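Enquirer: only the shape, not the letters, is given here:
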């Protein structure tokens with residue numbers, strides 16, 4: 001019984017689960033960022049900003 005309790009209390013594998021959740025969050029953030037940066041409004045704003053900086 002003691003071995004079972006020790007085994008149930010262990011946190012083996014938690015690092016892998018935390019890594020997986022972190023990766024999912026990073027991929028989701030990258031997807032949102034990609035969508036925003038490829039939108040026409042943001043591209044126009046960036047182009048205008050670069051044109052003003054170069055003049």
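Expert: Received the coordinates, thanks. None of these values were measured; they are calculated from a predicted model.

Enquirer: pLDDT weak spots in this protein?
Expert: For the chain, the stretches with pLDDT under 70 are 7-14.

Enquirer: ok, longest helix in this structure?
Expert: In the chain, taking DSSP state H as the definition, the longest helix is helix 14-37.

Enquirer: what is the burial count for residue 19?
Expert: Neighbours of residue 19 under the rule other C-beta atoms under 10 Å: 10. (Each C-beta comes from the backbone N, C-alpha and C, glycine too.)

Enquirer: gap between it and residue 52?
Expert: Residue 19 sits 43 Å away from residue 52, going by C-beta to C-beta, to the nearest Å.

Enquirer: from residue 32, how far out is the residue nearest to the spatial centre of the chain?
Expert: By C-alpha atoms, centre = their mean, the chain has its centre lying nearest to residue 26, at 1.3 Å. Distance of residue 26 to residue 32, given as C-beta to C-beta: 11 Å.

Enquirer: what's the answer for residue 39, then?
Expert: Distance, residue 39 to residue 32, using C-beta to C-beta: 11 Å.

Enquirer: try residue 41
Expert: From residue 41 to residue 32 the distance is 15 Å (C-beta to C-beta).

Enquirer: do the same with residue 2
Expert: The gap separating residue 2 from residue 32 is 48 Å, by C-beta to C-beta.

Enquirer: compare these two (neighbour count), which wins?
Expert: Neighbour totals were compared for residue 2 and residue 32, and residue 32 leads with 10 against 6 (other C-beta under 10 Å).

Enquirer: which residues does that one contact?
Expert: Counting by C-beta atoms under 8 Å, 6 or more residues apart in numbering, residue 32 makes contact with nothing.

Enquirer: burial measure for residue 5, as a count.
Expert: Residue 5 sits with 9 neighbouring residues when counted by other C-beta under 10 Å.

Enquirer: and what of residue 33?
Expert: So residue 33, with other C-beta under 10 Å, has 10 neighbours.

Enquirer: and for the one 3 residues further on?
Expert: Residue 36 is flanked by 10 other residues according to other C-beta under 10 Å.
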